[in-house]
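Chemist: pasting the sequence and the predicted model now:
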Amino acid sequence: MPHYSRFMRDILCGKRTCGPKDTVHLPESCIALLLSLFPPKLKDPGSFSIPCSIQKLKFDNSLWDLGASVRILPYKIYEKLNLGDLTPTPMSLPLADCSVMFPLGSVDDVPLVIGKLTFLVDFIVLDIDEDAHTPIILWRLFLATAGALIDVQGGLITLKARDAKASFKLPIDDECCSKKKRVA
């Protein structure tokens, strides 16, 4: 039997010890890990939606997606709002199912009202079915424009425009994304 195998067998059987036991001094980060002093991991909150309105048309569930790179408005909603002529937009949108959509155009400076705050938003208009659950999609740059502060752990999003603020309670765990409560 090779020496290493015999050595390991003797250690595992208790016939031999590994040598003197030393004390190891751990840094604070290791001690915190061993004592579970780190905060617990939370579940992924996913995307969220917030009520808003354009002109007199109200949307209870505008989707706010941190991963989206365009603001999407369905053509049927665009027609209802009568926002003027579309600006031609030379772009293609690759979708998750590997298909590609071509926008009908874009519409600029649409006044979007969220709570008591009003923002000017540019939308890409697509010929897609109007979804009652998420009629419009806003993107991460709009969150920066709106001065959004998202407290995922507390389940609260706060928007700021100059001196005004609007806060919304986000769903926690298994709550439906369409159930938002206006806080302030």
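Modeler: Nice, thanks for sending it over.

Chemist: mind listing the helices for this structure?
Modeler: Counting by DSSP state H, one finds helices in the chain at the ranges 3-13, 28-34, 75-81, 140-145.

Chemist: pick out the shakiest of those, pLDDT-wise.
Modeler: Mean pLDDT across these is lowest at helix 28-34; the value there is a mean of 70.

Chemist: quick one: the helices of the chain as a markdown table, columns for mean neighbour count and distance to Leu42 too.
Modeler: For every residue, glycine as well, the C-beta is placed using N, CA and C. Shown next, in a markdown table, are the helices of the chain (neighbours: other C-beta atoms under 10 Å; distance: least, C-beta to C-beta, whole Å):
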| stretch | mean neighbour count | distance to Leu42 |
| --- | --- | --- |
| helix 3-13 | 10 | 41 |
| helix 28-34 | 10 | 18 |
| helix 75-81 | 16 | 34 |
| helix 140-145 | 15 | 20 |
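
Chemist: any chance of those in TSV, with distance to Pro94 too?
Modeler: Shown next, in TSV, are the helices of the chain (distance: least, C-beta to C-beta, whole Å):
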stretch	distance to Pro94
helix 3-13	55
helix 28-34	42
helix 75-81	19
helix 140-145	18
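
Chemist: tell me which of these lies nearest to Ala96.
Modeler: helix 140-145 (17.6 Å; C-beta to C-beta).

Chemist: by contact count, what packs against that closest one?
Modeler: strand 117-126 (3 or more C-beta pairs under 8 Å, 6 or more residues apart in numbering; DSSP states H and E).
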